[in-house]
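A.B. asks: below are the sequence and a predicted model for it; my questions follow.
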Amino acid sequence: MRTPAARSFTLIEVLVAMTVLCLMLGMLFSMTKGISDAYSRGKSGTQNDSTARGVLDAIALDLEGAVIRPDLPGFQAEGNGLLDFFTAQPGFSAAFSNPRNLSYVAYGLDVTSTNSDMVRYDIAVDWTTANLAALASSQSFHTNRLAPSVLCFNYRFILTNGQAVSTVSNAQQVAAVRVSLAAADTATFARLARAGRVRNVRDALANAVEAEGTVSAKSVWESQGFSSSFNTMFPGVLQGTGIRFFERTIPVPVSGLSTN
């Protein structure tokens, strides 16, 4: 008895099966990529939020203890982009054997650092010898690098009459300080660094704010489309939005501390 030959697939059936398989693999790849992109965006946002929150919280803590009085200079370093003031936060100095409850602090962006660090400079001072001129020439400042990948740091003083200004002649007129940051996630900053574009982006952000005067820096950056136009400005550098903007208005207390 002859056994019937097994039926094989026709060419058309094989092609149909391959087509269906390719479609299924394509759908699976698309779903996987979507999940991966969502994870990357979430991770990027978390990094940015963490960076900005750490910097803004540090500034807020010092400003909560700000010592604003006629006999102590305050907010004097406008010319070099530093936010400086005296604060009743413990500080250390080689000049004193014990920590002092008065510190001169200054916040700024270290544009010379490889990672574009946000920095807090501080030095403890004596109530009876606090002098900004002496502090300015001191080489004993403690440097605390708060966060990397900060592309722009801007601040404006909100006066008691509600006006926003970039410089003040009388620190006692300051009711609050509005602090703005532009922060990049690690991957975005690395792409900028590899392309040699960190300085270009920093300058673009800073120039946009200076051109608008005392308007909120965050609103300027967002209204001018920086969140979506970096790919156009710097093609091939950024893939998606890895730079985010943050802003906080921090009240300045009225200090009544004694020099005794």
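C.D. replies: Nice, I can see it. Residues are numbered from 1 along each chain as shown.
A.B. asks: what is the neighbour count of residue 252?
C.D. replies: Residue 252: 22 surrounding residues under other Cβ atoms under 10 Å. Yep, even glycine has a C-beta here, placed from its N, CA and C like the rest.
A.B. asks: ditto for residue 167
C.D. replies: 10.
A.B. asks: quickly find the element holding it.
C.D. replies: Using DSSP states H and E, residue 167 sits in no helix or strand.
A.B. asks: likewise the one 10 residues further on?
C.D. replies: Per DSSP H and E: residue 177 is located in strand 174-184.
A.B. asks: could you list the buried residues of the helix or strand following that strand?
C.D. replies: The helix or strand immediately downstream of strand 174-184 is helix 186-194, counting by DSSP H and E. Neighbour-count burial for helix 186-194, counted by 16 or more other Cβ atoms under 10 Å, picks out 186-189, 191-193.
A.B. asks: now for the strand holding residue 177, which elements pack on it?
C.D. replies: helix 11-64, strand 150-159, helix 217-223, strand 243-251 (3 or more Cβ pairs under 8 Å, 6 or more residues apart in numbering; DSSP states H and E).
A.B. asks: show the subsequent helix or strand relative to the first one.
C.D. replies: On the C-terminal side of helix 11-64, the closest following helix or strand by DSSP H and E is strand 83-87.
A.B. asks: hey, C-alpha coordinates of that following strand in CSV?
C.D. replies: Below are the C-alpha coordinates for strand 83-87, written out as CSV (Å, rounded to 0.1, in the frame of the first residue of the first chain):
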residue,chain,number,x,y,z
LEU,A,83,23.3,85.8,44.6
ASP,A,84,25.0,86.8,47.9
PHE,A,85,23.8,87.6,51.4
PHE,A,86,24.4,87.0,55.0
THR,A,87,22.4,84.2,56.7
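A.B. asks: return the helix or strand in this structure with minimum mean pLDDT.
C.D. replies: Of all the helices and strands that make up the chain, helix 132-136 has the lowest average by mean pLDDT, DSSP states H and E, namely a mean of 51.
A.B. asks: so after it, what's the next helix or strand?
C.D. replies: strand 142-147.
A.B. asks: each with direction, which strands does that next one pair with?
C.D. replies: Strand 142-147 has the following sheet partners, assigned by DSSP bridges: strand 117-124 (antiparallel).
A.B. asks: which stretches of the stretch 1-150 of the chain have low pLDDT?
C.D. replies: The stretch 1-150 of the chain contains residues with pLDDT under 70 at 1-9, 33-47, 71, 77-80, 91-100, 126-140.
A.B. asks: before we move on, what about the stretch 151-260 of the chain?
C.D. replies: In the stretch 151-260 of the chain, residues with pLDDT under 70: 211-213, 225-241, 255-260.
A.B. asks: try 80
C.D. replies: Filtered on pLDDT under 80, the stretch 151-260 of the chain yields the residue ranges 169-172, 210-214, 223-242, 254-260.
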